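>>> Show me how the following folds:
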Amino acid sequence: MDDVPIGLIALAVLAVLVVIVVIQAIKVIPQAQAAVIERLGKYHRTTEAGVTWLFPFIDRIRSRVDLREQVVSFPPQPVITEDNLTVSIDTVVYFQVTDPKAAVYEIANYIVAVEQLTTTTLRNVVGGMNLEQALTSRDAINTQLRGVLDEATGKWGIRVARVELKAIDPPPSIQDSMEKQMRADRDKRAMILTAEGQRESAIKTAEGEKQAAVLTAEGAKQAAILNAEGERQSAILRGEGERAAQFLRAQGQAKAIEKTFAAIKQGRPTPELLAYQYLQTLPTMARGDANKVWMIPNDFSKSLQEMAKAFGAKGDDGVFRYEAPAPEPETSRPGDVDEDVEDWFASTTADAALDAVRKAEAAAQMPVDEAPLTNPRVRPQLPPDEPEPPTTAG
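Numbering: from 1, shown residues only. As a prediction, the model looks like this:
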C-alpha cells in the first residue's frame, strides 16, 4: 500500500463518487407512469414519462404511480338485504389515478381504501332493497356505486370509471325456491302457450270447415241450378222436337190422304168395287181381342144401293154404275213428288251432318246464361220472295 500513490487513490475515489452522483441524478420514468419527487423531505414536483434530473442526496423519488386504468376485483362480500336475506355479491371496480400527488399524500393505500369504500357503499345500497329488487336492479346498483365512489375518491386523485356486479348469489334455500318458482313459471307459460295454440288451431279448423261448407253449398246450388237449367232446356228441346214430329206426321198423313183420294178419283171405281172393298174392310174393322160379336146392320144392302146411287148413274138395264166426274186438268200424277215436299226426301250429306254436329257441340259448350234457349232467338232474315216457313205452334 505504501507503493500506491495517494493521488491515484484519490482519483479512484473521485471517479466512484462521480458515478454515484450520476446514478442518483439521472432517472428514467417509463411511459404511463408518474413520479412524485421530494426535496429534503417535502413535495417538490411530479414528473411524467422520460428522463428527469435530480439533485443527488437532496431530491428523491417518493413514489411511482401507474396512470393507466386499473381493474380491481374484490372477493365476494356478504350483504343483508331489506328482507333479511344474506346474499354474496362479487364486484369489480375500474379506476384511474388522475392526480399522483393526491394519491400519494391524501391516502395511505388507495387500493385498500377503494375496496373498503366499495364494500360499505354496496351494503348501504343493497341494504335498502329486497332480494328481488337486488336481482333485477343491477344497473341501478352500479350507477349508485359509481357515483358514490367517484365522489368519495375525487380528493384522493382517483377517478372511478365504472363498477360492475359480477355475481349476486342468494342463499341455497332461496336458490331452490327461485328455481322452483322459475320452473313453475315456465310450466305456466308453456301451458298458456299450448292452450293458445289449441285455441288458434280450433278457430282455424272451424273457419276452414265453415268455408268448406259454404263452398260446398255454393257448389251444390250452382249444380242444382245447372241441372235444372239443363233439364229445362232438354224438356224444351224434346217438346219442340215432338211438336215438329207431330206436325210432320200430320203433314205426311194429310199428304197421303190427298194422294190416296186423288188415286181413287183417278181410278174411277165402280159401286161393285166399292162394295167389294167395303166387304174386305169389315173383317179388319171387326178384328181385335175385345170384339166378341160381329153385327151387320139390316139395311146393309140398302146402304150399298144408296151409295151406288150417290156415286153412279142408272143404266139402260136399270143398274146403277159409277160415273166418274169429268177428268180435271191433270196438274200432277198421284205418284209424283210435289214441290212443297221435295225437301222431305232430301238426304243429308256427310259434310252437312258434320257441320250440324259441330254446331251442336259448340252450343253444348256455351255457358247456361249465354245459351240460345235462355235468350230470345233471333230468326234469320228470309228473302222477300221466299214464303214464311210453317211454325210448329198449334
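
>>> so where do the strands sit in the chain?
26-29, 33-39, 42-47, 50-53, 59-66, 70-73, 77-80, 86-97, 158-169, 312-314, 320-322 (DSSP state E).

>>> Kindly reformat those as CSV containing mean pLDDT and mean neighbour count.
Using the backbone N, CA and C atoms, a C-beta is placed for each residue, glycine as well. Output for those, formatted as CSV (pLDDT from 0 to 100; neighbours: other Cβ atoms under 10 Å):
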stretch, mean pLDDT, mean neighbour count
strand 26-29, 90, 14
strand 33-39, 92, 18
strand 42-47, 91, 14
strand 50-53, 89, 12
strand 59-66, 90, 17
strand 70-73, 88, 13
strand 77-80, 86, 15
strand 86-97, 89, 18
strand 158-169, 87, 17
strand 312-314, 67, 13
strand 320-322, 64, 17
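
>>> would you list these in TSV and tack on distance to Q116?
Shown next, in TSV, are the strands of the chain (distance: least, Cβ to Cβ, whole Å):
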stretch	distance to Q116
strand 26-29	30
strand 33-39	23
strand 42-47	26
strand 50-53	34
strand 59-66	20
strand 70-73	12
strand 77-80	10
strand 86-97	12
strand 158-169	13
strand 312-314	165
strand 320-322	162
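
>>> how about those, which one is nearest A254?
strand 320-322 (25.7 Å; Cβ to Cβ).

>>> I would like the residues contacting stretch 53-72, please.
20-21, 24-27, 29, 32-40, 43-44, 92-97, 100, 103-104, 111, 114-115, 161 (Cβ atoms under 8 Å, 6 or more residues apart in numbering).

>>> now do 7 Å
21, 24-27, 32-40, 44, 92-97, 100, 103-104, 111, 114-115, 161 (Cβ atoms under 7 Å, 6 or more residues apart in numbering).

>>> quick one: terminal-to-terminal distance for it?
34 Å (Cα to Cα, to the nearest Å).

>>> So what's the gap between stretch 207-215 and the chain middle?
Relative to its chain's centre, stretch 207-215 lies at 16 Å (Cα atoms, centre = their mean, to the nearest Å).

>>> what is the mean pLDDT for that stretch?
The pLDDT scores in stretch 207-215 average 95.

>>> returning to what we had before: tell me which of the strands of the chain sits nearest to R287.
strand 320-322 (28.0 Å).

>>> what's the burial count for the closest residue to D99 other than its chain neighbours?
Nearest non-adjacent residue to D99, counting by Cβ to Cβ, 6 or more residues apart in numbering: G157, 2.9 Å away. For G157, the neighbour count with other Cβ atoms under 10 Å is 20.

>>> Just the pLDDT for G157.
pLDDT, read off for G157, is 91.

>>> Tell me how far it lies from Y105.
9 Å (Cβ to Cβ, to the nearest Å).

>>> Q253 now?
147 Å.

>>> Where does pLDDT dip in the stretch 101-250 of the chain?
Counting by pLDDT under 70, the stretch 101-250 of the chain contains no low-confidence range.

>>> In it, mark out all the helices, start to finish.
Using DSSP state H, counting those that start in this stretch, the helices of the stretch 101-250 of the chain run over 110-127, 131-136, 138-153, 172-267.

>>> Next, the angle from the longest one to strand 86-97.
Same thing as helix 172-267. For helix 172-267 against strand 86-97, the angle by axes from the mean of the first three to the mean of the last three Cα atoms, to 10 degrees is 100 degrees.

>>> got the angle for helix 172-267 vs strand 158-169?
Going by the same axes, to 10 degrees, helix 172-267 makes 70 degrees with strand 158-169.

>>> For Q253 and Y105, indicate the residue with more neighbours.
Y105 (15 against 10).

>>> hang on, the earlier thing: of the strands of the chain, which is nearest T205?
strand 158-169 (47.9 Å).

>>> now what about the closest one, what contacts it?
69, 87-98, 103, 110, 114, 118, 134-135, 138, 141-142, 145-146, 149-150, 153.

>>> ok, now with 6 Å
87-98, 110, 135, 138, 142, 145-146, 149-150, 153 (Cβ atoms under 6 Å, 6 or more residues apart in numbering).

>>> just the angle between that strand and helix 110-127, please?
Using the same axes, to 10 degrees: strand 158-169 against helix 110-127 is 50 degrees.

>>> For strand 158-169, list the C-alpha coordinates in CSV.
Extracted C-alpha coordinates of strand 158-169, given in CSV (Å, rounded to 0.1, in the frame of the first residue of the first chain):
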residue,chain,number,x,y,z
ILE,A,158,-58.7,8.8,-8.3
ARG,A,159,-61.5,8.7,-10.9
VAL,A,160,-63.8,5.6,-10.7
ALA,A,161,-64.8,4.8,-14.3
ARG,A,162,-67.4,2.1,-13.5
VAL,A,163,-68.4,-0.6,-11.1
GLU,A,164,-69.8,-4.0,-12.1
LEU,A,165,-71.5,-6.6,-10.0
LYS,A,166,-70.0,-9.9,-11.2
ALA,A,167,-72.5,-12.1,-9.3
ILE,A,168,-75.3,-11.9,-6.7
ASP,A,169,-75.6,-15.3,-5.0
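
>>> just the angle between it and helix 138-153, please?
150 degrees.

>>> Neighbouring strands - and their directions - for strand 158-169?
strand 86-97 (antiparallel) (DSSP bridges).

>>> what angle do the partner strand and strand 59-66 make?
Going by the same axes, to 10 degrees, strand 86-97 makes 130 degrees with strand 59-66.
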